[in-house]
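**Student:** Here is my input, please return the structure:
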Amino acid sequence: MTDSIAAEDRRAADGLALPQADARGTHLDASRTPWGVHGARFPGPLDRAVIAVTSRLPNSWLGLRLAIALRRIVTRRMAGDDGLDVVLWGLRMRLHPRRNGCEKGALFTPQMYEAPERRELTVEIDRSKTAGRPFVFIDIGANVGLFSLFVASRAGADAQILAIEPEPENLRRLRFNIASNPGIPIRVAAVALDEKSGRVAVETNFRDRGGARTRPLSRLPPLYPPPQEGEDFVDIPPPRAGEGREGAAGVVEVECLPLKELLDRDGIRSIDALKIDIEGAEDRVLVPFFRDAPEALWPGFILIEDSSGEWRVDLFSFLAEHGYAVATRTKQNVMLRRESGTHRASFTDRASPASCR
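**Tutor:** Take a look at the predicted model:
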C-alpha cells in the first residue's frame, strides 16, 4: 500500500499530458460530447511551455511561488475563461484556470494539487481492491469533478462514484469532463444538500467558482459581485462573510435534499469514502445524516474542508463521538477514518431523478 502511494508521488509530475495536435490545433484524440469537443481548445505553444515547467516544479513553498508567477503568463493572455484541453491522471479534461482555484491548481501544478488528500484516498482505494470489491465514493461539492475523476482513474471501471454539484457552470464543466471519458463510472446529482428537502438559492462566486454557496431563497442581496473585465480571482481578496452587494448576477434556484434522502434515491447502502466541501454548510449536511442514517451507511473515510469558524456545532467533536479519528490534516482539509466495521456500497440499477449521463 505504501509502495503504491510512493509510486503515485513519483508519477505526479508526469500526471498531466499535452497530447499532440493536428494542423488545425485539435487533439489527435479529440472526443465529442453533448457539451462540446474535447481537443477543440488545445494549449498553444507558449501555454504548453509554461505548463511543462510549472507541472514539474518541486512541491515546496518556492516551487509554488514560481508556479504562481509563471501561470499568470497564461491566464492574463486569455480573452475569456474558455478553458484548455489536457489529459490528467490518464483522463481527458477541460480545465478553466482563470476563476476556479481547483482547476488552476490541477492544470499548472498537478504534482501539488491536493497531494495529501489524494494519498489518503489511494489508501482507501487500495483497501477496497485488496478486499476484492468496488470502491464507492460520494463527492459532495464536486465542483468540476476533480476528486471524482481522480478516484475513477485509480479505482477502475467498477468503481461507483456519485458527484453532487448544484452550481450550473460547474455542473456543465463536470458533465463535459465525464462525457469526454466514455464509460467512466461517475454519476451526477444536480442538487444542493441541506437539512431539509425544498428549494434553495445557489450563488456563484465569480472570483472563484469553487466558492459557490447555498442560502435561503428569501435572503438577499447577493454575496458576490461579478468581476470586472480582466480581473483574475487570485488578485482580488474575497468578500467578507455576510457582506452583501446589490446587482450581482449568478443566483439560481435549485432542488435541495438531505444527504440520506439522496442516497436512498440512488440505492446507496454504505460508503467507502465521502468528500465534502460546501463552503461552511458541512454541519447542516452531516449532523442530520448521522442522526438518521443506519450505521451501515456511515462512510469509512471522510475528507472535509475545515470550515469550523462557520459551523453551528463542533463537527469534529461530533464525528469523534461517532468513532472517527483524524488521519491527516492540511491547511484547508481534515481527513478522518473510522476503523471499525465493514464499509460497502452499491447502486441499484434504477437511475436517480437527479443524476445525469
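
**Student:** Now do the buried residues in stretch 303-313.
**Tutor:** Neighbour counts over stretch 303-313 (16 or more other CB atoms under 10 Å) mark 303-307, 311 as buried. C-beta: built from backbone N, CA, C; applies to glycine.

**Student:** Endpoints of it, how far apart?
**Tutor:** One end of stretch 303-313 to the other measures 18 Å (CA to CA, to the nearest Å).

**Student:** Check what contacts it and list those residues.
**Tutor:** Stretch 303-313 is contacted from outside by 117, 120-121, 147, 241, 273-280, 282-284, 286-287, 314-316, 329, 332-336, using CB atoms under 8 Å, 6 or more residues apart in numbering.

**Student:** Select from these every entry located in helices.
**Tutor:** 117, 120-121, 147, 282-284, 286-287, 315-316 (DSSP state H).

**Student:** Let me have those in a markdown table, adding neighbour count as columns.
**Tutor:** Compiled in a markdown table, the ones in helices among the contacts of stretch 303-313 are given as follows (neighbours: other CB atoms under 10 Å):
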| residue | neighbour count |
| --- | --- |
| Glu117 | 19 |
| Glu120 | 22 |
| Leu121 | 25 |
| Phe147 | 25 |
| Glu282 | 23 |
| Asp283 | 20 |
| Arg284 | 21 |
| Leu286 | 25 |
| Val287 | 17 |
| Leu315 | 19 |
| Phe316 | 16 |
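
**Student:** want to throw those into CSV with distance to Ala106 and pLDDT?
**Tutor:** Formatted as CSV, the ones in helices among the contacts of stretch 303-313 follow (distance: CB to CB, whole Å; pLDDT from 0 to 100):
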residue, distance to Ala106, pLDDT
Glu117, 12, 97
Glu120, 18, 97
Leu121, 15, 97
Phe147, 10, 97
Glu282, 22, 94
Asp283, 28, 94
Arg284, 28, 93
Leu286, 26, 97
Val287, 31, 97
Leu315, 27, 95
Phe316, 27, 96
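
**Student:** Out of these, the closest to Glu253 would be?
**Tutor:** Arg284 (18.1 Å; CB to CB).

**Student:** if I look at the closest one, how far off is Asp126?
**Tutor:** 32 Å (CB to CB, to the nearest Å).

**Student:** Over to Ala49?
**Tutor:** On the measure of CB to CB, Ala49 and Asp126 end up 36 Å apart.

**Student:** Same drill for the two, tell me which one is more crowded.
**Tutor:** Taking neighbours as other CB atoms under 10 Å, Ala49 and Asp126 compare with Asp126 leading, 18 against 15.

**Student:** Looks like Val136 contacts Ser270 (just checking).
**Tutor:** Yes: taking CB atoms under 8 Å as the definition, Val136 is a contact partner of Ser270 at 7.4 Å.

**Student:** In terms of neighbours, single out the busier of the two.
**Tutor:** Between Val136 and Ser270, counted using other CB under 10 Å, Val136 has the larger neighbour count: 27 against 20.

**Student:** Which pLDDT value does the model give that one?
**Tutor:** For Val136, the model assigns a pLDDT of 97.

**Student:** Over to the one 3 residues further on?
**Tutor:** In this model, Asp139 is scored at 98, pLDDT.

**Student:** State whether it is indeed within a strand.
**Tutor:** Yes: applying DSSP: H, G, I helix; E, B strand; the rest coil, one finds Asp139 inside a strand.

**Student:** Which residues are in contact with it?
**Tutor:** Asp139 neighbours (CB under 8 Å, 6+ apart): 145, 147-148, 151, 161-164, 275.

**Student:** Who wins on neighbours among the residues you listed?
**Tutor:** Ala163 (32 neighbours).

**Student:** Work out for me the element it sits within.
**Tutor:** In the assignment (DSSP states H and E), Ala163 maps to strand 160-164.

**Student:** Name the strands paired with that strand and say parallel or antiparallel.
**Tutor:** Strand pairing for strand 160-164, using DSSP bridges, gives strand 136-140 (parallel), strand 186-189 (parallel).

**Student:** neighbouring contacts of it?
**Tutor:** 134-142, 145, 148, 151-152, 155, 174, 178, 185-189, 191, 193, 262, 266, 268, 345-347, 355.

**Student:** Now do the helix or strand just after it against strand 136-140, angle only.
**Tutor:** Once the chain leaves strand 160-164, the next helix or strand it forms, by DSSP H and E, is helix 168-179. Calculated by axes from the mean of the first three to the mean of the last three CA atoms, to 10 degrees, helix 168-179 forms an angle of 160 degrees with strand 136-140.

**Student:** Who are the packing partners of helix 168-179?
**Tutor:** Using 3 or more CB pairs under 8 Å, 6 or more residues apart in numbering; DSSP states H and E, the elements in contact with helix 168-179 are strand 31-33, strand 91-95, helix 146-155, strand 186-189.

**Student:** returning to that earlier point: now, which of the buried residues of stretch 303-313 lie within strands?
**Tutor:** 303-305 (DSSP state E).

**Student:** can I get those residues in a markdown table with distance to Leu297?
**Tutor:** Below are these laid out as a markdown table (distance: CB to CB, whole Å):
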| residue | distance to Leu297 |
| --- | --- |
| Leu303 | 17 |
| Ile304 | 17 |
| Glu305 | 22 |
